[in-house]
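Chemist: here you go, sequence then predicted model.
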Amino acid sequence: MSPTLWLAAAGGNSASIPAPHIEYGQLSPMLIVFAAAVAGILTEAFVPRRARYGVQIGISLLGLGGAFAAVVVLAAQGHATTQAGLLAMGSVAIDGPALFLQGVILLTAVMAVLTYAERRLEPRLNGHGVDSFAAQGGAVPGGDQEREATRAGFTTTEVFPLTLFAVGGMLLFPAANDLLTMFVALEVLSLPLYLLCGLARRRRLLSQEAALKYFLLGAFASAFFLFGTALLYGYAGSVQLGDIADVVSGVAPVTPALTVTTQNDALLLIGLAMLSVGLLFKVGAVPFHAWTPDVYQGAPTPVTGFMAAATKTAAFGAFLRLFYVAFPGLKWDWRPVMWGVAILTMVAGAILAVTQQDVKRLLAYSSIAHAGFILTGVIATNRQGLGAVLFYLLAYSFVTLGAFAVVTLVRDSKGEATHLSSWAGLGRRSPLLAAVFALFLLAFAGIPLTSGFTGKFAVFQAAAAGGATPLVIVGVLSSAVAAFFYIRVIVLMFFSDPQPQGPSVAVPSPLTATAIGVGVLVTLGLGLLPQYFLDLASKASLFVR
Amino acid sequence: MSYLLTATCAVPAAGAVVTAALPAGNSEARRRTTKAVALAVSAATLALTAVVAARFEPGGPRYQLTESHSWIRSFGISFSLGVDGIGAVLVLLTAVLVPLVMLASWHDSDPAPAPEGSFEAKRRTQGFFALILAVEAMVLVSFLATDVFVFYVFFEAMLIPMYFLIGGFGDRAGGPDAGKQRSYAAVKFLLYNLLGGLVMLAAVIGLYVVAADQDLATFDLPTLTNAIADGKLAIDPTAEKALFLGFFFAFAVKAPLWPLHTWLPNAMGESTAGTAVLITAVVDKVGTFAMLRYCLGLFPDASKTFAPAILVLSLIGIVYGALVAIGQKDIKRLVAYASISHFGFIIMGIFALTSQGQTGATLYMVNHGISTAAWMLVAGFLISRRGSRLIADYGGVQKVAPVLAGTFLIGGLATLSLPGMAPFVSEFLVLVGTFSRYPAIGIAATFGIVLAALYALLLYQRTMTGPVKPRMEGMPDLKVRELAVVAPLVALTLLLGVYPKPLTDMVNPAVDATLSQVHQTDPAPAHPVAATTGGEHE
């Protein structure tokens, strides 16, 4: 290392570390959620066990609702458009996409909390209703401790603060304006999710296996992301997205200390590739999708719904910001690769879904296919594409949560009956539930008059306008393939004879019923009269630098 | 902007909701209220369509009484309606047939002995009539929409009420496994049409993408067709062919064109006679109508490219449908195969790309609707009396129920296009129109007429003549309600047979406009000059 480097780095900065200026008002959504999460932890420590359930639900809903109100106020004050800006020394950006996605994530989280709190589906234990989470997360599956905890009717109310922490990370992820903040947000959202995945009450080994797989692969992905960050710092001398963009386009002066590495294209491209790996893993795009089916299947179903909806939203938010803010100048380098990824993701998701025999795995592959459709919008690299992706994420989140909430209701003596064969003839036994699930499937398939169609259409329209017509063709064709496996499930539900010892449909409490009802309303609303939300998304579709 | 067309579609839609919401219950009084409300709604719809037809000026612009309401602005989708001559006659056909179908099906939805508290016992009648009105509303929107997306949505949405009509209400003449047969027929109907619909959806999106690429981000049909006709919107030939096939596939399933027809005999055979009429006379017409309006209007060059192939398929359909009809043992399936043969004629007339052919095809849609309705509904009355669909169970009906036999004969004669009956005019026009461009195909298609005489007359002979079969004695003749259904149909068949001018006046300008979009003029007669000069010399 040369002496100049040492001197410049140490002498230049140590003398004047500026006191960071934090805009608490604009950061309030995240702060509220984190505060609620901390309050949830304290509740676990100090509130008696019997009272925890109610208190935790109250704190979660208040926190999420308050954060959503803060988002709405910020948007009303123009922070999404004219007042958009960089906060906290440039490490967080509050702008249209950030606020829009924070709103989506918060609403999704409210619905998820409702499904978490459901206590009427499992048989009552010791006189208390229990939820779909393990009695005691630390107990060995099948061991004495677990039996005791189960008999005592314990519940893991820690899931609420864990979820709030994850939500906090998700709020920060799409707003992060430098790579390190982005990485921190990634970890904050991921770690609670790994835990949540392992907490299923039934089939605990499957659940723990899912958690371990998710954790190991997620850790690899995070490492890739961090390594990519380091390489890009080497290239640009900054981790801020705007500065990187300036260096890429050659506007910014080269940091004297990094003359050796700066503008070394190898660093740039490898770094970019590694960041992409980290993010593509989180959105579940091929070839980094392998974890999705196992984790979706093993995790407690309410968590699966939350994870599928909110993680994807947050990760695509970060993805968009990274590529639209930091690397627009490299469009011609990353677009061809993303073309390939999008095509692979759409085709593989659609084709592999056809062979699935388990509802949760089927929805997992469908989520992979959807990641491909959303990528199509990302590749558009125009404002239209950005608005389309925002809208798609809004539409997709509610459909996904609703669909997984329905899955929690179809049960037999062993818990949820997720094998497809046991769903045969469900439409005869429980026409309303089957009709609701059919609606969600039609929305996944992108059939007109559902939100899924509007979203897909917006994305394809933007991609075609952005010159990606072949991608649109692949997208439309794989939608047609995908439509078949959704319709196959509908045919199975309505047109097959029920199994003699088939599952029964549990009557949910108003909590899950509300979540499903909201899902239905949003799915139909965004399908029938989407114009307002399309306008909203397109108004929000401008990043700040 | 007038709201007449919206009202025309909204009345049956609202009627469907009201009918479905009428108080449940199985008492005779409740059922009668339900039926009366539904019938009144369909009569009101008929009155509105009569106003539409009266206000339509044949010499005026292509689309009249237009209205447009913004729907999804970002995608260039608006709820636009407008009526042209072809649409007008089909709207009239629909509005005329629906009340007659309701009258004919008056007792079809009365519950058979059903367990207490089941759907059968509670909401069956409400369901049946609400579904018919829902189908009517959707069909009307399909005929009137001038927005490709709106058309697509209603074209597809129709499947849902039709599925329940087919799967939920049978004719009670089936065997012990009738329920199974019926749900098989309903699922087959749904899956065939859904497949067509999905392919078409891809093509609809593709069309938008292509148009948006050339700054025409709209689904508005007149805008698109005009731009295509002016050359402002130039679709790459390969893309045009693909898009054409996407649209055509959906319509060919719906119409149905051989070899995509196999769902029709199941659906028509297992459902009630009223539903069968709804399928073949109303819903399927949307398919042929859409070929004329969308395939030719949006993809003129591809239409010309594929026309010969489509003509061959329709020719096969004509002959195949008629041959299979001759061999049928089941009366309703026989009518279904006869319809397949007739749809062959309609599609042939459309893709002959001559004005006689297309005028004939449009008239054919109307006439086939009327005559098949008469034939099928009388067959339904017959079946409801004996409780069997098998031809072999019948014989000598004309001795015990002469009026029934007589109207059945008229229906059959109309189907075989006897001169003087309405279908003769249209079939003749189609054949002339086809012959003038494709003589060989025109000649081959005339075999269809001969075969039609066979299946129609053989059916009459086997069921109505000869000795009276057991369990046929004392069979009642047509009742007043049934006469009220058949009389208007027979009257229309005869009237339009001798005086089709009101219809042709309406249809001709629209057909000429369609042909000019395809840049196609009628071929000159083979030797007109020689003929006249020859005459002078002699």
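Modeler: Looks like it arrived, so ask away.

Chemist: quick check: closest non-adjacent residue to the residue nearest the centre of chain A.
Modeler: Centroid-nearest residue in chain A, with Cα atoms, centre = their mean: residue A:311, separated by 1.5 Å. Closest residue to residue A:311 apart from its sequence neighbours, by Cβ to Cβ, 6 or more residues apart in numbering or on different chains: residue A:282 at 6.3 Å. C-beta coordinates here come from the backbone N, C-alpha and C atoms, glycine included.

Chemist: isn't the one you found up against residue A:221?
Modeler: Yes. The pair residue A:282 / residue A:221 is scored as a contact, 6.8 Å apart, by Cβ atoms under 8 Å.

Chemist: give me the more crowded residue out of these two.
Modeler: residue A:282 (25 against 21; other Cβ atoms under 10 Å in any protein chain shown).

Chemist: list the buried residues in the host helix or strand of the more buried one.
Modeler: Using DSSP states H and E, residue A:282 maps to helix A:265-283. Using 16 or more other Cβ atoms under 10 Å in any protein chain shown as the test for burial, helix A:265-283 gives A:267-272, A:274-283.

Chemist: and if you look at stretch A:184-198?
Modeler: Buried-residue list, stretch A:184-198, by 16+ other Cβ under 10 Å: A:184-186, A:188-198.

Chemist: ok, now stretch B:50-62?
Modeler: When burial is assessed from 16+ other Cβ under 10 Å, stretch B:50-62 yields the following buried residues: B:52-53, B:56, B:62.

Chemist: where in the chain is pLDDT low?
Modeler: Just so you know, I chose chain A. Applying pLDDT under 70 to chain A picks out residues A:1-17, A:254-263.

Chemist: my question was about chain B
Modeler: For chain B, the stretches with pLDDT under 70 are B:1, B:26, B:111-123, B:172-175, B:524-538.

Chemist: mind naming the longest strand for it?
Modeler: strand B:64-72 (DSSP state E).

Chemist: show me where the stretch 1-150 of chain A has helices.
Modeler: A:3-14, A:28-46, A:49-76, A:96-116, A:144-152 (DSSP state H, counting those that start in this stretch).

Chemist: can I get these in CSV with mean neighbour count and distance to residue A:84?
Modeler: Converted to CSV, the helices of the stretch 1-150 of chain A look like this (neighbours: other Cβ atoms under 10 Å in any protein chain shown; distance: least, Cβ to Cβ, whole Å):
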stretch, mean neighbour count, distance to residue A:84
helix A:3-14, 11, 29
helix A:28-46, 19, 15
helix A:49-76, 18, 10
helix A:96-116, 27, 7
helix A:144-152, 14, 49
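
Chemist: and residue A:530, which of these is closest to it?
Modeler: Shortest separation from residue A:530 across the helices of the stretch 1-150 of chain A is recorded for helix A:96-116, at 14.7 Å, computed as Cβ to Cβ.

Chemist: helices and strands around the closest one, which ones?
Modeler: helix A:28-46, helix A:49-76, helix A:159-172, helix A:301-306, helix A:312-321, helix A:383-407, helix A:510-528, helix A:531-539 (3 or more Cβ pairs under 8 Å, 6 or more residues apart in numbering or on different chains; DSSP states H and E).

Chemist: the last one and chain B, any residue contact?
Modeler: The one in question is helix A:531-539. Yes. Using Cβ under 8 Å from any Cβ of the partner chain, helix A:531-539 reaches chain B at A:531, A:534-535, A:538.

Chemist: now, among those, which is nearest to chain B?
Modeler: Distances from chain B to these, taken as Cβ to the nearest Cβ, are shortest for residue A:534 (4.5 Å).

Chemist: now the closest one. Nearest residue, chain neighbours left out?
Modeler: Spatial nearest neighbour of residue A:534, chain neighbours left out: residue B:74 (4.5 Å); criterion: Cβ to Cβ, 6+ apart.

Chemist: quick one, helices of the stretch 151-300 of chain A?
Modeler: Using DSSP H, counting those that start in this stretch, helices in the stretch 151-300 of chain A cover A:159-172, A:179-197, A:204-236, A:241-249, A:265-283, A:291-298.

Chemist: doesn't residue A:500 lie inside a strand?
Modeler: No. Counting by DSSP: H, G, I helix; E, B strand; the rest coil, residue A:500 falls outside a strand, being coil.

Chemist: look up the closest residue to residue A:247, ignoring the ones flanking it.
Modeler: Nearest to residue A:247 is residue A:236, by Cβ to Cβ, 6+ apart, at 4.0 Å.

Chemist: quick check: the closest residue to residue B:354 other than its chain neighbours vs residue B:288, distance?
Modeler: Closest residue to residue B:354 apart from its sequence neighbours, by Cβ to Cβ, 6+ apart: residue B:433 at 4.1 Å. Note on residue B:433: its distance to residue B:288, by Cβ to Cβ, to the nearest Å, is 15 Å.

Chemist: list the contacts of the residue of the stretch 301-450 of chain B found nearest chain A.
Modeler: Nearest residue of the stretch 301-450 of chain B to chain A (Cβ to the nearest Cβ) works out as residue B:302 at 17.4 Å. Residue B:302 is in contact with B:237, B:240-241, B:243-245, counting by Cβ atoms under 8 Å, 6 or more residues apart in numbering or on different chains.

Chemist: go again with 10 Å.
Modeler: B:235, B:237-245, B:247-248, B:295-296 (Cβ atoms under 10 Å, 6 or more residues apart in numbering or on different chains).

Chemist: next: residue A:300.
Modeler: By Cβ under 10 Å, 6+ apart, the neighbours of residue A:300 are A:115-116, A:131-134, A:156, A:159, A:196-203, A:207, A:210, A:306, A:408, A:416.

Chemist: buried among those? Need that as a selection in ChimeraX.
Modeler: Remark: buried members of the contacts of residue A:300, expressed as a ChimeraX selection using 16+ other Cβ under 10 Å:
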select /A:115,116,131,132,133,134,156,159,196,197,198,199,200,201,203,207,210,306,408,416
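
Chemist: looking at the helices and strands packed on helix A:96-116, spot the one closest to residue B:229.
Modeler: Among the helices and strands packed on helix A:96-116, the nearest to residue B:229 by Cβ to Cβ is helix A:383-407 (29.1 Å).

Chemist: what about the closest one, near chain B?
Modeler: Yes. Interface with chain B: helix A:383-407 contributes A:384, A:387-388, A:391 (Cβ under 10 Å from any Cβ of the partner chain).

Chemist: with neighbour count added, can I get those residues in CSV?
Modeler: Output for these, formatted as CSV (neighbours: other Cβ atoms under 10 Å in any protein chain shown):
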residue, neighbour count
A:384, 21
A:387, 28
A:388, 32
A:391, 31
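
Chemist: which pair in those residues spans the largest distance?
Modeler: Maximum pairwise distance among these (Cβ to Cβ): 10.6 Å, between A:384 and A:391.

Chemist: ok, now which ones touch the residue of the stretch 301-450 of chain A found nearest chain B?
Modeler: Going by Cβ to the nearest Cβ, chain B is nearest to residue A:448 of the stretch 301-450 of chain A, at 5.0 Å. Residues near residue A:448 by Cβ under 10 Å, 6+ apart: A:442, A:454, A:456-457, A:527-528, B:77, B:149-150, B:152-153, B:156-157, B:197, B:201, B:204.

Chemist: surely it is in a strand?
Modeler: No. Under three-state DSSP, residue A:448 sits outside any strand and is assigned coil.

Chemist: quick check: which element contains the residue most central in space within chain B?
Modeler: Centroid-nearest residue in chain B: residue B:285, 2.9 Å away (criterion: Cα atoms, centre = their mean). Assigned by DSSP H and E, residue B:285 falls within helix B:284-290.

Chemist: do residue B:373 as well
Modeler: Residue-wise, residue B:373 maps onto helix B:355-386 under DSSP H and E.

Chemist: tell me the helix or strand right after that helix.
Modeler: That would be, after helix B:355-386 and using DSSP H and E, helix B:397-400.

Chemist: which residues does that next one contact?
Modeler: Contacts of helix B:397-400 (Cβ under 10 Å, 6+ apart): B:382, B:385-386, B:404-406, B:408-409, B:460, B:463-469, B:472-477.
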